[in-house]
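Student: This is the structure alone, sequence omitted:
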């Protein structure tokens, strides 16, 4: 593990890491998710975290592992059609991961999710947090509409409000 990574996560307060996505920005993300889910049968959860928990840092666990654990703990896997998608934003490292439930993973290649993540990371590195987040939601929406269209707007099985850890 890099010492610089450990020190960054231990000593930079979350409020500094999270300042790129204030409440007004999180509200825009929530609205984008609501609008998105009216178009397809998928469910999107957006999770933002400042610093990684110490156990992940000391255990040399990746942000991908953290995203997978949050996918489970937030029960994104528990949708009727196995169509949950978690967008995990690790703000301090500016690393993004997308975890898709098995129903989606059977139709959408992980490479497509990774492309969305890398585009979002570039936007974040440029300081365009809201724009990068909204663009990512649009791209996720396009993938879900293509593979999981909804005729009736679908039931909203998971909260649309972003989770801030």
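Tutor: Here it is on my side, so go on. Nothing here was measured: the structure is a model prediction, and the numbers come from that model.
Student: Chain neighbours aside, what residue packs nearest to the residue positioned nearest the centre of the chain?
Tutor: In the chain, the centroid-proximal residue (CA atoms, centre = their mean) is residue 87; its distance is 1.4 Å. Nearest residue to residue 87 in three dimensions, chain neighbours excluded: residue 46, at 4.9 Å (CB to CB, 6 or more residues apart in numbering). In short, each C-beta sits where N, CA and C put it, glycine included.
Student: and if you look at residue 127?
Tutor: Per CB to CB, 6+ apart, closest to residue 127 is residue 20, 7.2 Å.
Student: Let me see the contact set for that neighbour.
Tutor: Shown in contact with residue 20 (CB atoms under 8 Å, 6 or more residues apart in numbering): 91, 124, 127, 129.
Student: For those, which two are the farthest from each other?
Tutor: 91 and 127 (11.9 Å; CB to CB).
Student: between the two, who's got more neighbours?
Tutor: Shown here are residue 91 and residue 127; by other CB atoms under 10 Å, residue 91 has more neighbours (22 against 9).
Student: what's the pLDDT at that one?
Tutor: Residue 91 carries a pLDDT value of 87.
Student: measure it to residue 130 for me?
Tutor: Per CB to CB, to the nearest Å, residue 91 is found 13 Å from residue 130.
Student: Need the overlap of contacts for those two.
Tutor: residue 21.
Student: picking that back up, moving C-terminal of the helix or strand harbouring the residue nearest to residue 87, what's the next helix or strand?
Tutor: Taking DSSP states H and E as the definition, residue 46 sits inside strand 43-49. Counting by DSSP H and E, the element after strand 43-49 in chain order, helix or strand, is helix 54-58.
Student: How about that next one, which residues are buried there?
Tutor: 56, 57 (16 or more other CB atoms under 10 Å).
Student: List the buried residues of the helix or strand that that helix is followed by.
Tutor: Following helix 54-58 in sequence order, the next helix or strand is helix 63-73 (DSSP H and E). Buried residues in helix 63-73, counting neighbours by 16+ other CB under 10 Å, are found at 63, 66, 67, 68, 70, 71.
Student: which residues of this protein score low on pLDDT?
Tutor: Scanning the chain for pLDDT under 70 picks out 1, 4-7, 9-11, 15, 151, 153-154.
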